[in-house]
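Trainee: Starting from these lines, generate the structure:
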Amino acid sequence: MKKYFFSLIVLAFLFSCSKEKIQPQVEKSIIRGEIPSNESWNSKMTFSDGGKIKAILYSNHIKMFDEQKFTLLDGVKINFYNKEQKNTSWLSSIRGKVNDRTKDMYAIDSVVALNDSGTVLKTSELMWRNSDQKIITDKFVTITSPKEIIQGFGLESDQYLENYKIFNVTYSKSRTDNVK
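Mentor: Numbers count the residues shown, from 1 in each chain. The predicted structure is shown next:
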């Protein structure tokens, strides 16, 4: 009887260890060999030049990839500062990417940028080009300012949204049209 009982316990143990139950979940990025070298949550990064603040970046999650030379951001908010250290423009997006070689930043998904004079830019994706500190995109954009509303495809602007150009305008309306 002891023999049968022991055999029954061994068989139960073997059947309880099936492959389905013990297979761990494997992160897909690990399979591709793209493991972040650094990660950070609820982060604040300050960018300065010559001791003067240029921008402050807030992100819910930052993943840095040293080999590939890029950084991925989730939950992006950036405050830009002028030469007088005044916060003059803001940008937010759901995701972002930074090319660590060029320091160009890509804002992706639900991008909103605004400045202190009331100009608001909305688009699905844009790039802040570090070399000339310009904002560019070939996506559909809407700019709403105290003077006008413009929509179209493609944009180039300074980072403060003071001097901008939309390349293929699809809609334009003066905001002074409603004033009598």
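
Trainee: And the helices in this protein, which stretches?
Mentor: Along the chain, counting by DSSP state H, helices occupy 2-16, 19-22, 28-31.

Trainee: Touching, Lys103 and Trp128? I think so.
Mentor: No. The criterion here is CB atoms under 8 Å, and Lys103 misses it with Trp128 at 9.2 Å. (Glycine included, C-beta is placed from N, CA and C.)

Trainee: So between these two, which is more surrounded?
Mentor: Between Lys103 and Trp128, counting by other CB atoms under 10 Å, Trp128 is the more crowded of the two (22 against 12).

Trainee: show me what contacts that one?
Mentor: Leu91, Asp104, Met105, Tyr106, Ala107, Lys134, Ile135, Gln159 (CB atoms under 8 Å, 6 or more residues apart in numbering).

Trainee: Could you rerun that using 10 Å?
Mentor: 55, 78, 80, 91, 96, 98, 103-107, 113, 134-136, 157, 159 (CB atoms under 10 Å, 6 or more residues apart in numbering).

Trainee: related to what we said a few turns ago, which one of the helices of the chain has the poorest average confidence?
Mentor: Across those, helix 28-31 has the smallest mean pLDDT, namely a mean of 49.

Trainee: how close does the residue nearest to the spatial centre of the chain get to Val169?
Mentor: Per CA atoms, centre = their mean, the C-alpha nearest to the average position across the chain is that of Gly96, at 1.9 Å. Distance, Gly96 to Val169, using CB to CB, to the nearest Å: 27 Å.

Trainee: and if you look at Asp74?
Mentor: Separation of Asp74 from Val169 (CB to CB) stands at 33 Å.

Trainee: ok, now Asp109?
Mentor: On the measure of CB to CB, Asp109 and Val169 end up 24 Å apart.

Trainee: same thing with Val120?
Mentor: 17 Å.

Trainee: Kindly report the same for Ser131.
Mentor: 26 Å.

Trainee: With adjacent residues omitted, what lies nearest to Met45?
Mentor: Leaving aside its chain neighbours, Met45 sits nearest to Leu57 (4.6 Å; criterion: CB to CB, 6 or more residues apart in numbering).

Trainee: Need the pLDDT of the one you found.
Mentor: So, for Leu57, pLDDT stands at 91.

Trainee: which residues touch the residue nearest to Lys52 when sequence neighbours are not counted?
Mentor: Excluding its sequence neighbours, the residue lying closest to Lys52 (CB to CB, 6+ apart) is Gln85, at 6.1 Å. Contacts for Gln85 (CB under 10 Å, 6+ apart) come out as Ser48, Lys52, Ile53, Lys54.

Trainee: Having no further points to raise, I will conclude here.
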